[in-house]
Every structure is written in structure tokens, then in C-alpha cells.
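task: produce atomic coordinates for the following.
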Amino acid sequence: MKENKEHTGDDSSTDDTENPETPRTALHETIIANPGIAERLEQDIGCFGRYGFAFRRDAETGNGVLVSPSVLPSVKPFARLQINVSDVSLVASIGPFLRTLVRLCVHPIRPQSLLAIVVIKECVGSSGSSSSRRRTPVRKETTHADGDGSAAAARSVAHAIHMLIRNSMGAALFLRLKVVLPGSHGADGNAVLRRDQVLLYMQQNDDGCYEYPSVEICAHDEYMAQPTKETPNETSPFSIDLGLVEEFEGAPPSVTKPLQQNCLDGYDPSCHFLDLAVSTRMCTVRLTPLLYDLSQRLLMSLLEGNTDHSNVDKGHPINDVKKSATLMMICLEKVSNLYRVLMLVRDYSGILFQECEDDTLAAEQPQLVIICKSEDVARRFDLEAQKFIAKNFINQTQGKKAGRVTWTPRVLSVAQAADFLTKEVAPSPVVGFDLDDDAVTLSETNSDAKRLLATAGAVLLGYESDGIPKALDAKLTHYIQIDSRTSINVVAAFSILCHLILN
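Sure, this is the predicted structure:
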């Protein structure tokens, strides 16, 4: 997805409709030693200068330094998300999710008016449990430093917090971020993880553990004793349940039903906090559409001065406009993103794949096309897709198909995709879903953008590195973009797109 500046003017401007000024005390200075994060923050800082953030380079080390305004603990956030993570090994997956939150919540939403609380339920990644596929690295010397494994668990959590920040490309540092430590750890579950132990490892600023002064670390018992200390008027969680099921033994969990477009009906940020559960690495990908819906509600609350959305023009329902499924085309460079797209495809398989009269799937007309930069890469991705589906979606013991995905998507090179659009899609509209100066901005109040998506013959998402290739750009009839500070991850965009036009 291409980069673009924030759509809401320069950083020196002010706006009377902005959510109230957040009282601040001192400034935090965070040393950013990771070159990739520092470069990303340096690029993004123009969107956040108006909120008191600044970025500079240390003259001696060349490290980045992010200057952040601190927020008084007594200040009630505009919106609060509590993300309950089942194990420390999944904390890193929260990073891209929070990055998307920051980028979708455009001005006049202040990023520090959003409170994200990451509650780590367990620390089995450091106790030798086999319930998690990946393990947060633990040094051998710390494992033997104490009898109950507290040092190993503390380092595991400290490293997981760094991975969250790293995977957010530093964007999580623009939020009010709190991490709640697990209540216990170890084989017997009786060892207590102390806050000072985790902070000690973070202060090392080495070996995968780094200090983040703006991130609040909270002991489990302290948080549970006063769960709404900063937000005394919030009394009710607004829970979002993905309804994960395992269709057969060994299969990755799938959802019983994707998030619906009305999933936030009844939600009021003034009296609710969003309560989310993360138990697999796909949970945050599946929950990403929720962030789009949340950002739209918060923006309307600010700009309209209320939270009543009953009069919003949501456009025509897609089924009233177009009966056949929209062709989804996505440009991919990473095999890991291919896997994530296939998992989403399984969630939406009843819609993405057209059904025949005998309730089978029409394999000759797939509604998903993967686009790679060359034919060689396309062949590799095609093979990877076949192997992934065979391993994860088909019960080899019973020959049972899971999620009704019985074949791989069509995988094409850029040149092949351009030819495909000419022969198979034209003259129907082909919509590019990417940031562009001439794009129609998708929002809750823009029915034109929704009708355009609904009537498109195909919707095309570009590469993360350089957007939609010129050969495919020439085939586009329209552009639609999500209002965002900068571009969002292509899988996040695909998840939102599935949510908007396939539900």
C-alpha cells in the first residue's frame, strides 16, 4: 500500500471540533536503537507533531529519540480497548493491530486519548509448556538464576513488550499504552511476576529488551484491584467474541461467523470499553475491521457532538445492488501474508467462492486472485498456497474439507493479471483500493464510495512496498482509499475490505 500524508492539513493547525486537550505533565524521551523503527518514526512524525510529539537523532550514537508528552493518570481516555492475550508469546501480534488503530484514528482524534490495555493472562512461553508454537527467547543463565523461573518469565515479558513496539513500527508509542503482567507463572502457577523484575530487564536496553518510559507496566493484582482507576465512569465491558472453533483436530481455529458491520451497535465510548480476546496469531487480523468501525464512530462523535448514528447514510446494501460476488485481487510479496489472506478467505469462504446448485463450489470461477511480481514468484506462491491449504484446511484422516476451501486461489504475475482484467473483467468497473490523490475516501457517511465498491467487477489492492503496478493501474476505472494518517498493512486493508463488501 502506498504512503500518503495525513489528509487533515498541516501539523500547526488547530480545530475547535478536536477532542478536549489532554492535560500533560512532563515529557518522555524514548531511545530508539532499532534502525527500522527509528526510520519509520522519522517518516511518521509529521502526522503527530500537533499533539506534542517530536523526533530527533542523537548526535553521538545516531539513535532515534522520540519525545512524547506524558498524560496525567486521572485523565479519562476518549476510548479504551482492553486486549486480553492468552499467552505472552502472542503479545507481539498486538503490534500491527495497534499500528492500524493509530493510523485509522485520524485528526481530530488525539492518539493519546486512546488507551490500549494489554492484559497478559499467562506466561507459559517461559515455563516450558508446549501449548504455544513459538517461544519468546529465554537465556539459559536466567533460567537457572532463581528457583521459580521468575527471571526467565520477567525477561520473556520484557522481550514481548519490545516485540509489540517493534511490530507496530513504533506507532504504539503514540497511544496511551498499558501492559498488565500475568498474575502467576511457572509449572505450579504459584510464582508471582513482579513489576520491578520486568522493568529491570527493560532497562538493560540490550539483548531484545528495551526501555519504553511512556509504556505503563502494571502488576496483575494492582490492576485487578482497581481496574478502572483512570476511568472511574466506565463500568461496562463491550465484548467482541470471534467465536473460534477447531473444525478438526490439528486444524487452525476458524471463526463461526466473521465480524458483522453492526458489531458495534450499542457501543458508547463514554460508558463502555472494548473487551477483546487474543488466543491465536490470526485474532488481531480478524479483529482489524473493528478498528475501522471504531474510528468511524469516534470521528462522528467528535464532528457531530454525539454518538447517535441512526441517521447516517450507509448506502445501499450490497445484495440490493449486485448479486454476484466481487472479484478480490491482492498484490502480495510475503508468503506470511499469503497465509493470512488464505485464513481470511476461509472465514469468508461462503461468500468469496460462488456456489453451484448442488451446494459445491465453482472452482472454475474463483473470486480471489493473488498477484505476484513475476511468473517465477507466482509459481512459488501457488505451490505454497496448495501446501498450506492441504495442511491446514483438509482433514487428511477423514478427507474432510474444512471451511469449504477445496482449491487454491488463482495466482498470477502482474502481466498475467493485466491480461486477465482485460479479458475477464472489462467492461465492469475495476476499483483500486489504495491511497491516491484522486481516490474517493471511504467513510461511514460517504455512500458514493460504498456504492462504487458494491458495483465493482473487481477490487484490487496494491503491494505494500510500491502500491499498484503501472500495468494494473492502467486498467483501473476508480480509486477508493481508507481515511488514514499513513498507509496500513495490505492484510489489514484486505480484512477491512472483506468486512465492508462481503458481509
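
pLDDT below threshold where in the stretch 401-503 of the chain?
Along the stretch 401-503 of the chain, segments meeting pLDDT under 70 span 401-407, 503.

that one: helices as residue ranges?
Using DSSP state H, counting those that start in this stretch, the helices assigned to the stretch 401-503 of the chain run over residues 414-420, 447-455, 470-473, 490-502.

from the contact counts, what lies against the first one?
This means helix 414-420. In terms of contact count using 3 or more C-beta pairs under 8 Å, 6 or more residues apart in numbering; DSSP states H and E, helix 414-420 is assigned the packing partners strand 368-372, helix 375-392, helix 470-473. To be clear about C-beta, it is placed using only N, CA and C from the backbone, and glycine gets the same treatment.

picking that back up, right, and the helices of the stretch 401-503 of the chain - which one's nearest residue 161?
Distances from residue 161 to each of these were compared using C-beta to C-beta; the shortest belongs to helix 490-502, at 21.6 Å.

circling back: pick the most deeply packed of the helices and strands packed on helix 414-420.
strand 368-372 (a mean of 24; mean count of other C-beta atoms under 10 Å).

dump that strand to PDB, keeping only the CA atoms.
The C-alpha coordinates for strand 368-372 follow below in PDB (Å, rounded to 0.1, in the frame of the first residue of the first chain):
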ATOM      1  CA  LEU A 368      -9.800 -14.400  -5.300                       C
ATOM      2  CA  VAL A 369      -6.700 -13.600  -7.400                       C
ATOM      3  CA  ILE A 370      -3.200 -13.400  -5.900                       C
ATOM      4  CA  ILE A 371      -0.800 -11.200  -7.900                       C
ATOM      5  CA  CYS A 372       3.000 -11.600  -7.700                       C
END
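
which residues touch it?
Residues outside strand 368-372 that contact it (C-beta atoms under 8 Å, 6 or more residues apart in numbering): 327-333, 338, 341, 345, 352-353, 378, 380-382, 385, 409-414, 417, 420, 460, 472.

can you say which of these are buried?
Of the members of the contacts of strand 368-372, the ones counted as buried by neighbours, 16 or more other C-beta atoms under 10 Å, are 327-333, 338, 341, 345, 352-353, 378, 381-382, 385, 409-414, 417, 420, 460, 472.

which non-adjacent residue is nearest the residue most central in space within the chain?
Most central in the chain under C-alpha atoms, centre = their mean is residue 97, positioned 2.8 Å from the mean C-alpha point. Here the nearest residue to residue 97 in space, its sequence neighbours aside, is residue 284; by C-beta to C-beta, 6 or more residues apart in numbering that works out to 3.8 Å.

neighbours of that neighbour, how many?
When neighbours are defined as other C-beta atoms under 10 Å, residue 284 has 24 of them.

could you give the bridge partners of the closest residue to residue 382 other than its chain neighbours?
Nearest in space to residue 382, with sequence neighbours left out and distances taken as C-beta to C-beta, 6+ apart, is residue 411 at 4.0 Å. With beta bridges defined as DSSP bridges, residue 411 has these partners: residue 370.

which residues does residue 411 contact?
Applying C-beta under 8 Å, 6+ apart to residue 411 gives the contacts 369-372, 378-379, 381-382, 385.
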